[in-house]
Structures are given as structure tokens and as C-alpha cells.
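Peer 1: have a look; sequence and predicted model below, questions after that.
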2 protein chains.
Amino acid sequence: MTQELLYPSMGLEDALLLRSVGDRRHVAPEQPRRDQVGDAPQVSCFDLARLLERSSRRFSGLVAAELTRLGVDDIGPAQVMVLLAIGDTEVSVGELLDRGNYVGSNISYYLKQLTDGDYIDRVTSQRDKRSARIRLTERGRQLCADLRDAAKLFERSFCGEQDLRDLATAFQALHRLELVWANAARYGV
Amino acid sequence: MTQELLYPSMGLEDALLLRSVGDRRHVAPEQPRRDQVGDAPQVSCFDLARLLERSSRRFSGLVAAELTRLGVDDIGPAQVMVLLAIGDTEVSVGELLDRGNYVGSNISYYLKQLTDGDYIDRVTSQRDKRSARIRLTERGRQLCADLRDAAKLFERSFCGEQDLRDLATAFQALHRLELVWANAARYGV
DNA sequence: TGATTTACTTCAAATTTTGAAGTAAAATTC
DNA sequence: GAATTTTACTTCAAAATTTGAAGTAAATCA
């Protein structure tokens, strides 16, 4: 996410020794409880959920900073997420709703901003005129590319092999859990 | 998260076959790109970040539903997260800020609501009168307990062994990544 | 054909988040 | 030991986001 390589090869080992933003006090998220010594750490879905939120906030902060650096000031991290959710292909609003688990009116709101900022194009589908087909404009594509570049650079400078494996691990595990939660929303709850 | 066991032993295998909330269309989040066949799937931090958001939203929905069932209508999932972040011990506002990576005024706002709803107690610390000491009231403790019970029940009914392992895996991996991101915010960016 | 459903959008209200003060108590500096 | 700075918050108002209840227009169904 950064282009200024102040600490080109800092890995997590160092990260663990560092202080949080602003040096107010050190980063000390609770550790998951261990029920008995020797057990695998007990993680509740709440522990995980709070970590999800915290990580999201953290990441949004990074994106916001990168947007500032790129001189983009008409959209924020939330809109960027939608942009990235669209990807290279043409999608319908409904697809986006599912992809991000958004609410309809919410996506509409974001799409309006993205249209106003000329990041996306909307064309009504010919075969179903209720449905809007959405894709990135050149500007949108460029922004995504810039962000991806920054991310690549960031990964190379701040992440080790292990971190990248963690990324994939977290993704897979979380993806499975999300399905369980989606389910619970559908039934159960 | 649920107490109605409509589908007592539904595992992820089944989940994969199910439709999303409202049956509008099926759950089809993009898969991470594979650069080459046979490669481990390439996951970018954006892919992960969007998954984090989506999962959070999904989970918030579950908590909201559970709150409704419990007859709690003066606070929402966001406040619950703060409540859970407090835990069994007495904490300062600053500690909470770090735990959830919140902004100061934001936590203040939540704490006010939680105080109004009698979920927490705030006492000014004697040794540092600027600092507020915060802990759960009986009501707060009870709510947390109820939620944890619901989660336990939910886990038992909806999650298999693999899911629980995933929970732990995701937590650990994400925890590491969060540190990298925290770092980037501190330096780099 | 008329009724219903789907795929969205709009709008207004409620909620949440941010940022720029402000306050009061430590801790530092002079 | 008085003045300054820093810390640990709170408050307030503005901005951003989210929700929910319409509304519209096109498809589909009966």
C-alpha cells in the first residue's frame, strides 16, 4: 500500500515489537483464551468477528492513505471496495449485492458516486432492461491498477513468505466460515 | 447464534448447496485468481479485505437477529462488539481504542450508549483521574453470557470440526496480517 | 390481460464515523 | 514550583453511511 520504502524488509518479527499508530500504547489485542494448557487456543466467533472488524478498519486506513497519495479525493475506501468487487468483467447490480453482501439501496448509493466520479459505466442490459450492466471506465481501471501496484509493492516490502501464506490461509478459512454464517442467516436464526 | 435448531447438523457441505438470504440468487463470491494452473490460489490483500467486510456484515446480521430475539433493542451489534471487547476485566478507554482500533470520539459515543443502557460502569481511576475505568455491569455480563451461549449452540449445530479448526486458523493468520497492516499505518504509508 | 415478481432507484430518516475543538489531570521543562 | 506539554479522554457538529419504505419499469406468470 505504500510507495515510500522506509522500512523495506520489515517482517512480522519486527512488527511484533512495534508500537501502534501514534505510539499511544502498544498493540495488545487480547489473545484467545486457552481452556486448558496444551489445548489448541480456543477462538470464539466473537473473537474472530472483532478481529475482522479491527482488520477492516486498519485496512481501510491504509487504502484511504493511498487514495490521498494518488490524489483521489472524490471517493473513499468503501467505494474502492465496490470498484474492486466489480473487477474486470461486466456485472449486474445484483451480482455486486451478493459479492459484498450489500443492501440494495446502499450499493445504489455507491454506484451513483462512482458514476459521478466517472469510475464506472452503466448500461441497461439489452436482454433484460431492468438490469444494469456495470463495468469500470478507463479511470476506474487505472485506479484499481494503481492500488494493486501499491499493494504489490507493499507486500514485497512488508510481507515475508509466511505472511503471504497466511493471507491465503486466512482467506480460505474465512471463506468457509462465511458460508456457515450466510446459512445461519438464511435458516436457523 | 441461534436457538431454533431448524437444521441441527447442517455442515458446510450443505451450506455450499444453499442459496443466499432471500433466495435472490446464489452465493457466488469471486474465487481468488489462479495465476497458473497448479499454483496455490493467489490471494491479494484486496480479496481478503473484501472478504473481511462481507463476513463482518454477515456476522453483524446474525448478532442483530440474536439481539432481537433476546429482546435487546437499545443497542446494536456495534455496541455489542465493544461490550465483548471489554471482557471480564476492568479496562481503560485507551485500551479499548487499541483493542478495536477505534477512533476516540467513536468509542466515547458507544460508551455513552452502553452507560445509558446500563451495560457498563465507569469510574474515574483514582491513581490517574483523567483515565476512566470501565467494566461490565451485571446486565452487560448477562448479555455477553447470553450471546456466548447462543454462539456455542450455533457452533454445535452448524459447525463441524473442520469449521472450528478454520475459525482458529483464520484467527491466527489474520492476527499476524493485522500486525503488518498496523505497521504500515505507523510507518511506510 | 392482469397480477406478481424481479431488478433496481430514490428519498428521507436513523445511525455511525470523523475531525476539530475543549477540559482536566499528569508529566516535563525551565 | 510555575509554566508548558502531553495524555486521556469528552463534546459537538458536520459528513458519511446505512437502513427502510416507497416507487418505477420491465419481465414473468396465471
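Peer 2: Received it, and whenever you're ready, just let me know what you need. Note that the coordinates shown come from a computational prediction; the quantities given were computed from them, not determined experimentally. Residues are numbered from 1 along each chain as shown, chains lettered A, B, ... in the order given.
Peer 1: now do the contacts for residue A:114.
Peer 2: Applying Cβ atoms under 8 Å, 6 or more residues apart in numbering or on different chains, we find residue A:114 in contact with A:75, A:79, A:82, A:83, A:120, A:140. Any C-beta I mention is one placed from the backbone N, CA and C, and that applies to glycine too.
Peer 1: which one of those residues sits closest to residue B:160?
Peer 2: residue A:82 (33.1 Å; Cβ to Cβ).
Peer 1: ok, now how distant is that closest one from chain B?
Peer 2: For residue A:82, the distance to chain B equals 9 Å [Cβ to the nearest Cβ, to the nearest Å].
Peer 1: so that residue sits against residue A:96, correct?
Peer 2: Yes: using Cβ atoms under 8 Å, residue A:82 is in contact with residue A:96, at 6.8 Å.
Peer 1: the two - which one has more neighbours?
Peer 2: residue A:82 (24 against 19; other Cβ atoms under 10 Å in any protein chain shown).
Peer 1: other SSEs contacting the helix or strand that residue A:145 is a member of?
Peer 2: Element membership for residue A:145, per DSSP states H and E: helix A:138-158. Helices and strands touching helix A:138-158, as assessed by 3 or more Cβ pairs under 8 Å, 6 or more residues apart in numbering or on different chains; DSSP states H and E, comprise helix A:45-70, helix A:77-86, helix B:45-70, helix B:161-186.
Peer 1: the ones you listed: which one's closest to DNA strand C?
Peer 2: With Cβ to the nearest atom of the strand, the closest approach to DNA strand C among these belongs to helix A:45-70: 6.6 Å.
Peer 1: ok, and does the closest one reach over to DNA strand D?
Peer 2: No: using Cβ under 7 Å from any atom of the strand, helix A:45-70 stays clear of DNA strand D, with a minimum separation of 8.8 Å.
Peer 1: which of the residues in that helix are buried?
Peer 2: Buried residues in helix A:45-70, counting neighbours by 16 or more other Cβ atoms under 10 Å in any protein chain shown, are found at A:45-67.
Peer 1: same question, stretch A:133-151
Peer 2: Across stretch A:133-151, burial judged by 16+ other Cβ under 10 Å covers A:133, A:134, A:135, A:136, A:140, A:141, A:143, A:144, A:146, A:147, A:150, A:151.
Peer 1: so is the first one in a helix, a strand, or just coil?
Peer 2: State at residue A:133, reduced to three classes by DSSP: H, G, I helix; E, B strand; the rest coil: strand.
Peer 1: wait, what's in contact with it?
Peer 2: Per Cβ under 8 Å, 6+ apart, neighbours of residue A:133: A:90, A:91, A:92, A:122, A:123, A:124, A:125.
Peer 1: any chance of those in JSON lines with secondary structure, pLDDT and distance to residue B:186 as columns?
Peer 2: Shown next, in JSON lines, are those (DSSP: H, G, I helix; E, B strand; the rest coil; pLDDT from 0 to 100; distance: Cβ to Cβ, whole Å):
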{"residue": "A:90", "secondary structure": "coil", "pLDDT": "94", "distance to residue B:186": "39"}
{"residue": "A:91", "secondary structure": "strand", "pLDDT": "95", "distance to residue B:186": "36"}
{"residue": "A:92", "secondary structure": "strand", "pLDDT": "95", "distance to residue B:186": "40"}
{"residue": "A:122", "secondary structure": "strand", "pLDDT": "94", "distance to residue B:186": "39"}
{"residue": "A:123", "secondary structure": "strand", "pLDDT": "94", "distance to residue B:186": "44"}
{"residue": "A:124", "secondary structure": "strand", "pLDDT": "94", "distance to residue B:186": "47"}
{"residue": "A:125", "secondary structure": "coil", "pLDDT": "94", "distance to residue B:186": "46"}
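Peer 1: tell me the buried residues within those residues.
Peer 2: Neighbour-count burial (16+ other Cβ under 10 Å) applied to those gives A:91, A:92.
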